[in-house]
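Engineer: What follows is a predicted protein model with its sequence.
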Amino acid sequence: MTIGAQTMDDWIEDGDYRIENHGSVFVVYPQNTDAKENLRENAGLESMYWADGLVVEPRYVWDLVQVLNNEGWRVI
């Protein structure tokens with residue numbers, strides 16, 4: 001985990017999470033072991049996964065990015 005909040009002006013080459021837009025859903029992929037453990041611990045039991053990625057509806061993805069950022073995780 002990276003310490004400190006990420007700003008819109010930051011250019012991130014490596015991050016803790018990568019988010020991909022697949023049209024009707026977004027998929028949040030953890031990029032390291034710590035991020036994977038965090039995702040599994042904090043996602044609800046009803047959560048859906050695609051490979052190692054958490055499937056997120058578009059209306060919730062921005063809120064998730066804000067929570068991750070506020071907790072010090074880097075999102076790319």
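Structural biologist: Here it is on my side, so go on. Numbers count the residues shown, from 1 in each chain.
Engineer: What are the buried residues along the longest helix along the chain?
Structural biologist: Of all segments of type helix in the chain, defined using DSSP state H, the longest is helix 58-70. By neighbour count on 16 or more other CB atoms under 10 Å, the buried set for helix 58-70 is 61, 64-65, 68-69. For glycine as for every other residue, the C-beta is placed from the backbone atoms N, C-alpha and C.
Engineer: from those residues, which is closest to residue 44?
Structural biologist: residue 64 (12.2 Å; CB to CB).
Engineer: Over to the closest residue to that closest one other than its chain neighbours: give its phi and psi.
Structural biologist: Spatial nearest neighbour of residue 64, excluding adjacent residues (CB to CB, 6 or more residues apart in numbering): residue 56 at 5.9 Å. Phi and psi for residue 56, reported as degrees, to the nearest 10, are phi -130, psi 130.
Engineer: and residue 56, what is it in contact with?
Structural biologist: Shown in contact with residue 56 (CB atoms under 8 Å, 6 or more residues apart in numbering): 25-28, 64.
Engineer: one more time with 6 Å, if that's ok
Structural biologist: Contacts for residue 56 (CB atoms under 6 Å, 6 or more residues apart in numbering) come out as 26, 28, 64.
Engineer: which of these lies closest to residue 51?
Structural biologist: Closest to residue 51, out of all of these and judged by CB to CB, is residue 28, at 11.3 Å.
Engineer: from memory that closest one sits against residue 54, does it?
Structural biologist: Yes: under the criterion of CB atoms under 6 Å, residue 28 makes contact with residue 54 at 4.4 Å.
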